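Visitor: sequence? don't have it. structure:
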């Protein structure tokens, strides 16, 4: 039973490491330079918002970045260049959210299948051991 738990934990750990590696790779696909460039001359408040959004994207907090981007996009004082860069970044962040969710679902499914196989293997061994014990017990009664 302890072996089964250890195997399951190991499989889940591998899945988490894989998700982290995939997330790291996908982070590089989000280009924040347009937003950074278009907000360099913006008023301080908008510049601060843009910097927080960029930091959220770089730390892979896509949900937080998306919420802040949508708030920023709704501000009437944005220049056409700023609006365009915000809309572009929203599209990239949404794409990353979809990709990360898909990878997580795929890895969770794989981990579940591997855990099910490990449980089946452990159950088969337990049944085999119980059958052998029953046979030994029956032999001991005949003596």
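Guide: Perfect, thanks for sending it. Fair warning: this is a prediction, and the values are worked out from it, not measured in the lab.

Visitor: where does this structure have low pLDDT?
Guide: 1-28, 143 (pLDDT under 70).

Visitor: Helices of that one, residue ranges please.
Guide: For the chain, the helices defined by DSSP state H occupy 2-27, 33-38, 44-58, 62-73, 80-142.

Visitor: tally of neighbours for residue 136?
Guide: 9 (other CB atoms under 10 Å). The C-beta positions use only the backbone N, C-alpha and C, and glycine is treated the same way.

Visitor: again but with residue 83, I slipped
Guide: So residue 83, with other CB under 10 Å, has 15 neighbours.

Visitor: gap between the residue positioned nearest the centre of the chain and residue 46?
Guide: By CA atoms, centre = their mean, the chain has its centre lying nearest to residue 104, at 4.7 Å. According to CB to CB, to the nearest Å, residue 104 and residue 46 sit 33 Å apart.

Visitor: same thing with residue 59?
Guide: 21 Å.

Visitor: neighbour-wise, which of these two wins?
Guide: Comparing residue 59 with residue 46 by other CB under 10 Å, the one with more neighbours is residue 46, at 18 against 11.

Visitor: Contacts only, for that one.
Guide: Under the criterion of CB atoms under 8 Å, 6 or more residues apart in numbering, the neighbours of residue 46 are 39, 72, 75, 77-78, 82.

Visitor: ok, of the residues you listed, which come out buried?
Guide: Buried members of those, counted by 16 or more other CB atoms under 10 Å: 39, 72, 78, 82.

Visitor: rewinding a little: redo the contacts of residue 46 as TSV? Include distance to residue 89.
Guide: Putting the contacts of residue 46 into TSV (distance: CB to CB, whole Å) gives the following:
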residue	distance to residue 89
39	11
72	9
75	14
77	18
78	13
82	11
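
Visitor: out of those, which one sits closest to residue 127?
Guide: residue 72 (60.5 Å; CB to CB).
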